[in-house]
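A.B. asks: I need the structure of the sequence given here:
(one chain, ligands or ions: 2)
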Amino acid sequence: MPRIEAFIFDLDGVITDTAEYHYLAWKQLADEEGYPFTREDNEQLRGVSRRESLNRLLKGAPISEETAQAYMERKNQYYQRYLKQITPANALPNVPEFLRAARLAGVKLGLGSASRNAVDVLQRLELMTAFDAVGDGYSVVNPKPAPDLFVWVAGRLGVNPAHAVVFEDAEAGIDAALGGGFWTVGIGAEHNVHRAHLIAPTGLAELDVIRLIQHFQAL
Ligand code: BG6
Ligand code: MG
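C.D. replies: Ligands and ions are numbered 1, 2, ... in the order given. Have a look, this model is predicted:
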């Protein structure tokens, strides 16, 4: 019977929805450089690193390393312009309440995001202090689906992965968490998160902290 001591959350798609801003920023770059890129293509970028996102956008088109770096820098500038619009109202439904209830229940709270903009986004959401540990795109070398980031956050929380639940909306994130030996809750479209132990299609809005802990502790 696992004792649940920590929750670790992905950011984009779980705490807030920045996928549209990523799409608009990559789309601007793709249009300017003449690469075809659709909203459907953008779904393949969910949860993967900036570098891997560029690789998927290019679909094998060859470019120099210098150009790749310049493209990523430009996309990030476009993306950061959109981030300026974020306010606490951009947290997904029930997120602040869920985090508060978890803390009251004595659960440690971590964030594990592939994004190098995660701290900026958390500050704009006014949720920085809701977390006991924040891992972002600077914390580890190997991005999701490697388990490294979640393992790093669990280490900062002082919790064994077998006693922690990861909340993720992306296939790469669920695979990362499973690879690290965490319990998993898949958020959103089932085809992305079908390997999760539990699926919550509408996110934290449909979850109750105490019932969730009881669910995993009864396994
Ligand atoms: C993840 C997003 O959280 O962060 C990905 O789901 C994104 O779409 C990745 O590519 C990296 O983000 P950033 O902000 O470092 O470019
Ligand atoms: Mg995500």
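A.B. asks: Can you tell me how far V107 is from P36?
C.D. replies: 45 Å (C-beta to C-beta, to the nearest Å). To be clear about C-beta, it is placed using only N, CA and C from the backbone, and glycine gets the same treatment.
A.B. asks: before we move on, what about F131?
C.D. replies: From F131 across to P36, the span is 38 Å (C-beta to C-beta).
A.B. asks: Run a quick neighbour tally on the closest residue in space to G186 that isn't next to it in sequence.
C.D. replies: In space, and not counting its chain neighbours, G186 is closest to V193: 2.5 Å by C-beta to C-beta, 6 or more residues apart in numbering. Using other C-beta atoms under 10 Å, V193 has 24 neighbouring residues.
A.B. asks: isn't V193 right up against F167?
C.D. replies: No - at 10.0 Å, V193 does not count as touching F167 under the criterion of C-beta atoms under 8 Å.
A.B. asks: what does the average pLDDT come to for stretch 187-202?
C.D. replies: For stretch 187-202, mean pLDDT is 96.
A.B. asks: where's it relative to the chain centroid, distance-wise?
C.D. replies: Taking the mean of its C-alpha atoms, stretch 187-202 sits 14 Å from the chain's own mean (C-alpha atoms, centre = their mean, to the nearest Å).
A.B. asks: buried set for it?
C.D. replies: If you call a residue buried by 16 or more other C-beta atoms under 10 Å, then stretch 187-202 has these buried ones: I187, G188, A189, N192, V193, A196, H197, L198, I199, A200.
A.B. asks: per-domain residue ranges of this protein.
C.D. replies: Residue ranges for the domains of the chain, per automatic domain parsing: 6-16+89-217, 19-83.
A.B. asks: just those: most buried one?
C.D. replies: domain 6-16+89-217 (a mean of 20; mean count of other C-beta atoms under 10 Å).
A.B. asks: thinking again about what came up before, so what sits against both of V193 and F167?
C.D. replies: Residues within reach of V193 and of F167 at once, by C-beta atoms under 8 Å, 6 or more residues apart in numbering, are T184, I187.
A.B. asks: So which of the buried residues of stretch 187-202 belong to strands?
C.D. replies: Under the assignment DSSP state E, the buried residues of stretch 187-202 contribute I187, L198, I199, A200 to strands.
A.B. asks: residues contacting the nearest residue to A130 once chain neighbours are set aside?
C.D. replies: Nearest in space to A130, with sequence neighbours left out and distances taken as C-beta to C-beta, 6+ apart, is L99 at 4.5 Å. Going by C-beta under 8 Å, 6+ apart, L99 touches L109, L127, A130, F131.
A.B. asks: what about L99, which helix or strand?
C.D. replies: L99 is located in helix 95-104, with elements delineated by DSSP states H and E.
A.B. asks: on that earlier part again, which one of the domains of the chain lies closest to ligand 2?
C.D. replies: Minimum separation from ligand 2 across these (C-beta to the ion) falls at domain 6-16+89-217, 3.6 Å.
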